[in-house]
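J.: Below: sequence and its predicted model.
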Amino acid sequence: MRFFRQRLEKKGFRLRGIPCYEFMASIIDEGKKAMTVSFENVFYFEKNNNISLKDISFNVPAGKSLIIFGPENSGKETIIDLIIAKKKAQSGLVQIWGKSLDSEAEDFVESMRTCIGFISQNFGLINNLSVRENILLPLRYHTVLNESGLQSLVSRYLKKYSITEKADLRPQLLSYSEKLKTAFARAVITKPQLVLIEDALNAQCPLETANFIKFIKEEIENFSVSFIITAYNPKQFFGLNASYILMHEGEIMFYGSEDELKFSQNPYVEQYLYSPLQGPMKISHEVEI
């Protein structure tokens with residue numbers, strides 16, 4: 001944890017009261033490197049016995065990103081649910097920072113969640129709170145900063161993401177990109193070591209997407225944060241130095257680097273990226289009227 005401590009101190013963050021630091025220090029030995037997220041031969045079945053995930057294996061090292069893409073109902077959202085322990089795998093091993101979620105008590109799971117930032121597809125902002133109060137929410141619950149410290153910290157993030165002038169507005173008055181910036185600020189302000197982003201960039205324009213990728217890179221470079229992002233368009237994230245997984249019907253059809261994805265001759269990749277109507281993935285048939 002020495003690296004994490006030095007990064008926080010360098011950037012001017014207090015260690016006392018930051019729940020992620022306290023939790024990470026308690027579970028990871030000094031100098032020991034543990035994967036942020038690890039799935040080993042994970043199977044998950046819904047109640048109707050349809051396979052939602054079948055033999056899923058991947059690793060996400062600290063400070064690295066993973067983009068999970070695929071068509072609707074491919075299983076990528078279920079992976080997110082397993083990481084935050086919203087669902088439990090029927091078999092296989094899901095580990096967060098070297099700890100198996102199946103064997104840990106509920107208090108561990110709750111503490112683990114303090115080290116995970118989350119942005120849902122609809123951003124999850126609270127409509128009766130202002131932008132400032134939405135960003136402040138996790139700080140109020142999870143730190144011991146006084147009111148002056150809270151306001152000072154949130155002002156830094158409002159300025160950083162160019163939403164200072166929107167600070168007193170409610171979410172319904174924000175543009176799509178402003179909502180995303182607010183949700184991102186709230187997700188990273190407590191310095192989590194893992195951020196999950198669930199389909200939140202699907203409706204962003206290319207300019208705003210590029211700007212957002214810059215924010216992600218800053219968190220990775222400054223604080224060694226890991227990102228796991230689900231999306232429909234993986235090409236949005238080229239340049240992030242991420243790994244990529246293509247999901248289809250609960251299975252991994254491709255797992256590799258950006259370069260491997262770009263030059264892949266995998267028929268599932270070729271269909272998904274270049275020829276949607278031709279390939280092994282089934283397309284719903286139109287109904288003739």
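T.: Thanks, I have the structure now.
J.: Can you tell me what sits against stretch 267-283?
T.: Residues outside stretch 267-283 that contact it (CB atoms under 8 Å, 6 or more residues apart in numbering): 69-71, 234-235, 246, 248, 253-254, 261, 264. All C-beta atoms are positioned from the backbone trio N, CA, C, and that covers glycine.
J.: switch the cut-off to 7 Å
T.: For stretch 267-283, contacts defined as CB atoms under 7 Å, 6 or more residues apart in numbering pick out 71, 246, 248, 253-254, 261.
J.: Relative to the whole chain's centre, how far out is that stretch?
T.: Relative to its parent chain, stretch 267-283 has a centroid offset of 26 Å by CA atoms, centre = their mean, to the nearest Å.
J.: Low-confidence stretches in the stretch 151-289 of the chain?
T.: 284-289 (pLDDT under 70).
J.: go with 50
T.: 285-289 (pLDDT under 50).
J.: before we move on, back to that, quick one: which of the contacts of stretch 267-283 has the most company?
T.: With neighbours taken as other CB atoms under 10 Å, the top of the contacts of stretch 267-283 is residue 246, carrying 27 neighbours.
J.: Tabulate the contacts of stretch 267-283 (TSV), appending secondary structure and distance to residue 125.
T.: TSV is the format used below for the contacts of stretch 267-283 (DSSP: H, G, I helix; E, B strand; the rest coil; distance: CB to CB, whole Å):
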residue	secondary structure	distance to residue 125
71	coil	27
246	strand	30
248	strand	32
253	strand	34
254	strand	33
261	helix	32
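J.: which one among those gets closest to residue 222?
T.: Closest to residue 222 out of these is residue 261 (26.4 Å), distances taken as CB to CB.
J.: Just confirm the closest one contacts residue 244, I think it does.
T.: Yes: between residue 261 and residue 244 a contact is recorded at 4.7 Å, counting by CB atoms under 7 Å.
J.: Give the residues shared as contacts by those two.
T.: Common neighbours of residue 261 and residue 244 (CB under 7 Å, 6+ apart) are 234, 254.
J.: Take the contacts of stretch 267-283 and write them to JSON lines, including distance to residue 88.
T.: Listed next are those as JSON lines, based on distance: CB to CB, whole Å:
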{"residue": "71", "distance to residue 88": "25"}
{"residue": "246", "distance to residue 88": "25"}
{"residue": "248", "distance to residue 88": "23"}
{"residue": "253", "distance to residue 88": "25"}
{"residue": "254", "distance to residue 88": "26"}
{"residue": "261", "distance to residue 88": "30"}
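J.: Sort out which one of these lies nearest residue 182 for me.
T.: Nearest to residue 182 out of those is residue 71 (CB to CB; 29.0 Å).
J.: mind listing what that closest one touches?
T.: Neighbouring residues of residue 71 by CB under 7 Å, 6+ apart: 248, 281.
J.: Run through the bridge partners of the nearest residue to residue 64 once chain neighbours are set aside.
T.: In space, and not counting its chain neighbours, residue 64 is closest to residue 226: 5.8 Å by CB to CB, 6 or more residues apart in numbering. Beta bridges link residue 226 to residue 194, judged by DSSP bridges.
J.: can you pull the contacts of residue 226?
T.: By CB under 7 Å, 6+ apart, the contact list for residue 226 reads 36, 60, 62-65, 193-194.
J.: Can you show me the strands along the stretch 51-200 of the chain?
T.: For the stretch 51-200 of the chain, the strands defined by DSSP state E, counting those that start in this stretch cover 51-60, 65-69, 91-96, 99-100, 116-119, 194-198.
J.: okay, the angle between the third one and strand 194-198?
T.: Read that as strand 91-96. 120 degrees (axes from the mean of the first three to the mean of the last three CA atoms, to 10 degrees).
J.: again, but for the longest one
T.: Taking the same axes, to 10 degrees, one finds that strand 51-60 is oriented at 140 degrees with respect to strand 194-198.
J.: Tell me who's in contact with residue 117.
T.: The contact partners of residue 117, by CB under 7 Å, 6+ apart, come to 187-188, 192, 195.
J.: give me the beta-bridge partners of it?
T.: Going by DSSP bridges, residue 117 is paired in beta bridges with residue 195.
J.: Could you check the pLDDT of it?
T.: At residue 117, the pLDDT value in this model is 94.
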